[in-house]
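*Asks:* okay, sequence plus prediction incoming.
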Amino acid sequence: MSDLESRPQPHLHSFGEVKNAKSMIGTAVTRRLLDGARDNTSQPPYFLSQVIIMKLEILISGMLVLCCTAASAQDTNDRQTAVYPTDEGKLVVHTGQPAAQDPGPAPTFAQLDRRGAGYLNSDDAAGYALLANDFIYADSNRDGRISKAEYNRWVRAR
């Protein structure tokens, strides 16, 4: 009987103890424990199942936290107000995103083309905020101005 076989084999409960056992007892005993050979079954030892369950619990908890964070970030009424005293009086600071406003129906091409030029430039487009924001997209031929056909195409696509 070798010295290794005569040593008592500890009952291991955690992965850290397996690492310690590897250094204390030797590779052969650790390999037998990990392979489930200790009780002559092909199932992994009990502590490995616990490690897997623990990792799943951590993963599920992390996913739950991420979902809750994402849900709270989507709250559109998250305006905050802070008041700071100054020598001139109170300074009130409002932060947060304003609520989205309905822009209403798009104006006609003639309403925006106040100069009567037959096309819209960026100054004309400023009369309708959505068009000003999408000016490059609406100007499909990239000539720096929006024709009536380009405007009608943009209105249908929006």
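*Replies:* Arrived safely, thanks for sending. Here the structure is a predicted model, which is why all the values come from computation and not from measurement. Residues are numbered from 1 along each chain as shown.
*Asks:* number of residues surrounding the closest residue to residue 96 other than its chain neighbours?
*Replies:* Counting by CB to CB, 6 or more residues apart in numbering, the nearest residue to residue 96 once its immediate chain neighbours are dropped is residue 79, at 3.5 Å. Every C-beta, even on glycine, is put in place using the N, C-alpha and C of the backbone. With neighbours defined by other CB atoms under 10 Å, the count for residue 79 comes to 12.
*Asks:* how about the contacts made by residue 79?
*Replies:* 94-97 (CB atoms under 8 Å, 6 or more residues apart in numbering).
*Asks:* can you pick the most crowded of those residues?
*Replies:* The member of the contacts of residue 79 that has the most neighbours, counting by other CB under 10 Å, is residue 96 with 12 neighbours.
*Asks:* quick one: that residue from residue 80, how far?
*Replies:* Separation of residue 96 from residue 80 (CB to CB, to the nearest Å) stands at 6 Å.
*Asks:* again with residue 51
*Replies:* Between residue 51 and residue 80 the computed distance is 43 Å (CB to CB).
*Asks:* what about those two, which has more around it?
*Replies:* residue 51 (14 against 8).
*Asks:* per-residue pLDDT of the more buried one, please?
*Replies:* Reported pLDDT at residue 51 in the predicted model: 73.
*Asks:* A strand includes it, no?
*Replies:* No - when classified by DSSP: H, G, I helix; E, B strand; the rest coil, residue 51 is found to be helix rather than part of a strand.
*Asks:* could you check how far it is from residue 57?
*Replies:* Following CB to CB, the distance that separates residue 51 from residue 57 is 11 Å.
*Asks:* got the phi/psi numbers for the nearest residue to residue 103 once chain neighbours are set aside?
*Replies:* Distances taken as CB to CB, 6+ apart put residue 130 closest to residue 103, at 5.2 Å, once the chain neighbours are dropped. The phi and psi values for residue 130, taken as degrees, to the nearest 10, are phi -70, psi -40.
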